[in-house]
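S.K.: what's the 3D shape of this:
(2 chains)
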Amino acid sequence: DAKTTQPPSMDCAEGRAANLPCNHSTISGNEYVYWYRQIHSQGPQYIIHGLKNNETNEMASLIITEDRKSSTLILPHATLRDTAVYYCIVRGYNTDKLIFGTGTRLQVFP
Amino acid sequence: GAVVSQHPSWVICKSGTSVKIECRSLDFQATTMFWYRQFPKQSLMLMATSNEGSKATYEQGVEKDKFLINHASLTLSTLTVTSAHPEDSSFYICSATTGVGNTIYFGEGSWLTVV
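M.R.: Next up is the predicted model:
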């Protein structure tokens, strides 16, 4: 599986947009970018995924660069409840596995 | 989203005993389930992949005789930690999917403490 690189931690003010970057420079053409988050002492929560087009759902937006070597997860209006570890994962289309890296610890402050 | 439930949420057992953790997909049929463990302040580590009706596939370094995984139905997988020791104390998390390429959903996790 392609590996991802994320900053270990980020801060964001409540109400502001949180932009979480992820590098996946070795991604293959049929590999998807998935984002999950884990709030303390809970199981990971699915956020969003994409292949090459930008995606948006009720939780977040995913912006994937044209060369697909990096992406950004955007939480448009961060709340205190968005404080969590965010994982960017590259997953092959024919692969079931999700291999977690170290993620980004997002702290939203009042 | 789809719901995956684990039971128990936390368990304390004595060293040398075995403990079973259940993982259920409540509103979908899970052809594949996964088991992870997570130590404090660390990321999730994949332990094994189980497909309904077949033997689990374990990741390198995971003892299959110690961590018994059964996936007898499309909605239930169990992880049994045999002869548990204090170093097995961890957060165990399962996940499930309806098939290759489909979204994977996670359970709430189960805390195991071996005393």
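
S.K.: Spell out, range by range, the helices that occur in chain B.
M.R.: Assigned by DSSP state H, chain B shows no helices.

S.K.: tell me which parts of it are close to chain A?
M.R.: B:1, B:4, B:6, B:32, B:34, B:36, B:43-46, B:49, B:91, B:93, B:95, B:97, B:100-101, B:103-109, B:111 (C-beta under 8 Å from any C-beta of the partner chain). C-betas here are computed from N, CA, C, even on glycine.

S.K.: Show the buried residues in the residues you listed.
M.R.: With burial judged by 16 or more other C-beta atoms under 10 Å in any protein chain shown, the buried subset of those is B:4, B:6, B:32, B:34, B:36, B:44-46, B:49, B:91, B:93, B:95, B:97, B:104-107, B:109.

S.K.: Restricted to strands, list those residues.
M.R.: Taking DSSP state E, the ones among these that sit in strands are B:4, B:6, B:32, B:34, B:36, B:45-46, B:49, B:91, B:93, B:95, B:97, B:105-106.

S.K.: which one of these sits closest to B:Val115?
M.R.: Checking these against B:Val115 by C-beta to C-beta gives B:Phe91 as the nearest, at 16.3 Å.

S.K.: Surely that closest one touches B:Thr113?
M.R.: No. Shown here, B:Phe91 and B:Thr113 do not form a contact pair, counting by C-beta atoms under 8 Å, at 10.3 Å.

S.K.: Which residue does chain A have closest to chain B?
M.R.: A:Gly43 (3.7 Å; C-beta to the nearest C-beta).

S.K.: In three-state terms, label that residue for me.
M.R.: coil (DSSP: H, G, I helix; E, B strand; the rest coil).

S.K.: What ranges in the chain fall below the confidence cut-off?
M.R.: No chain specified, so I'll use chain A. Where chain A drops to pLDDT under 70, the residues are A:1-2, A:93.

S.K.: Chain B was what I was after
M.R.: B:1.

S.K.: residues touching the residue positioned nearest the centre of it, list them.
M.R.: Centroid check for chain B by C-alpha atoms, centre = their mean gives B:Trp35 as the closest residue, at 3.6 Å. Shown in contact with B:Trp35 (C-beta atoms under 8 Å, 6 or more residues apart in numbering or on different chains): B:23, B:46-48, B:50, B:67, B:69, B:77, B:79, B:92-94.
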